[in-house]
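Colleague: got a predicted model here, sequence first, then my questions.
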Amino acid sequence: HETSAWRVRTREALVNHERTTLLALKKRSAELGRRLSAAAPCCAKAQHQRVRQQESHRRRFEASLAHRETIMNLILLAQAEVSANGIVQLAASDARARHVARHLNKRRGDTVRVGIIDGRTGTATVSQCDEQLISFQIDVGALAPPPPRARIDLLLGLPYPGVLRRLWAVLSSMGLFRICVFGTELSDPDYAKSSALEASTYEPLVLEGLAQAGDTRRPIIDTWHDRQLAAVLSSLDTAAAAREVRLVFDLGDFPRVRERIGEHLHRHEARQLRVTLAIGPERGWTDDEAERFRAAGFASVSMGTSVLRTDTACVAAIALVTDALCDLDGG
């Protein structure tokens, strides 16, 4: 009897232990469910905050571009800002007015260099300069076209958006005729979603570069968001191929820029030549892309064995081409 009673007590104890354990597991499961439910809105809220922070950073960047003091060797004006008798009035808050009053320290009677966007350049006399307004009188009859320049086009593989933003002003200041930015096989697809490819972003930067360079001629800008090398190559002017030098920059044992351009100068003068440059993104060109360029009449050139950043490569390549055209032509 004692053995039977012990067995009954043992069985009851085991059943109670299993019941207690099951209840504890259910409570723990319910608690985990409540925590997950509470965490989901937090994760969504954190994601929303990150998106808002990114948008805030973008707005601050654009605002800094609009209000920062820039180097202006030429006060650029839209044709609509110039009256029929050559009078221009700018609000004192305008970046150009601030530059004239604070940086150049101009006063009434002083002269400044001005230029009409995509038009002529000349001088203007400050007729009013106070806390509300700056007014100029342009000598319309003395306006002259900007000096001639070489025809240089740039085909640029889509780089990192931050690099592209820095490049817009630099490239426009170097006197390019056309800038074509397009996605390549090695470009990050997310780069194509960047606002750096939008006109609202690059147009102010282009004008900034022109004002610094003292030029008025905006480059033609084409932006291709997708991998469109075939379409870009087909858009090239085939009628001018006889007097066009096409160069694709790449790493390797290739001739230098001066050699390639010199091969064409015995048939044409430097000012008659058109030069089209192709520069890849940070990761360069694929073998297939390099072959496509060669099939389109591009000659491979090299700037040495160093792997350059895209912005450095652009500046170096354009400078080499410009120098070669001037030097080989004797000008």
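Modeller: Yes, it's here. Numbering: from 1, shown residues only.

Colleague: element containing residue 263?
Modeller: helix 257-265 (DSSP states H and E).

Colleague: so for that helix, what gets flagged as buried?
Modeller: 257, 258, 260, 261, 264, 265 (16 or more other CB atoms under 10 Å). C-beta coordinates here come from the backbone N, C-alpha and C atoms, glycine included.

Colleague: repeat for stretch 211-224
Modeller: 211, 212, 213, 214, 215, 216, 217, 218, 219, 221, 223, 224.

Colleague: repeat that for stretch 95-112.
Modeller: In stretch 95-112, counting by 16+ other CB under 10 Å, buried: 95, 96, 97, 98, 99, 100, 101, 106, 112.

Colleague: backbone phi and psi for the second one, please?
Modeller: Right, residue 96. phi -70, psi -40 (degrees, to the nearest 10).

Colleague: against residue 83, how distant is it?
Modeller: 16 Å (CB to CB, to the nearest Å).

Colleague: quick one: the helices in the protein?
Modeller: 2-67, 95-98, 161-173, 199-213, 229-234, 257-265, 287-295, 310-328 (DSSP state H).

Colleague: where among those is average confidence lowest?
Modeller: Per-stretch mean pLDDT for the helices of the chain is lowest at helix 2-67 (a mean of 64).

Colleague: residue contacts, the residue nearest to the spatial centre of the chain?
Modeller: Geometric centre of the chain, nearest residue: residue 164, 2.6 Å, by CA atoms, centre = their mean. Applying CB atoms under 8 Å, 6 or more residues apart in numbering to residue 164 gives the contacts 158, 181, 194, 196, 197.

Colleague: tally of neighbours for the spatially closest residue to the third one that is not a sequence neighbour?
Modeller: When you say that, I think you mean residue 194. Excluding its sequence neighbours, the residue lying closest to residue 194 (CB to CB, 6 or more residues apart in numbering) is residue 161, at 3.7 Å. Residue 161: 18 surrounding residues under other CB atoms under 10 Å.

Colleague: surely residue 161 meets residue 196?
Modeller: Yes: using CB atoms under 8 Å, residue 161 is in contact with residue 196, at 4.2 Å.

Colleague: still on that earlier bit, elements contacting the helix holding residue 263?
Modeller: Packing partners of helix 257-265 (3 or more CB pairs under 8 Å, 6 or more residues apart in numbering; DSSP states H and E): strand 244-249, strand 299-301, helix 310-328.

Colleague: the longest one packs against which elements?
Modeller: When you say that, I think you mean helix 310-328. Using 3+ CB pairs under 8 Å, 6+ apart, helix 310-328 sits against strand 151-157, helix 161-173, strand 244-249, helix 257-265, strand 274-279.

Colleague: orientation of the last one relative to strand 244-249 in degrees?
Modeller: In this case it means strand 274-279. Relative orientation of strand 274-279 and strand 244-249, computed by axes from the mean of the first three to the mean of the last three CA atoms, to 10 degrees: 10 degrees.

Colleague: then the longest one?
Modeller: Between helix 161-173 and strand 244-249, the angle comes out at 150 degrees (the same axes, to 10 degrees).
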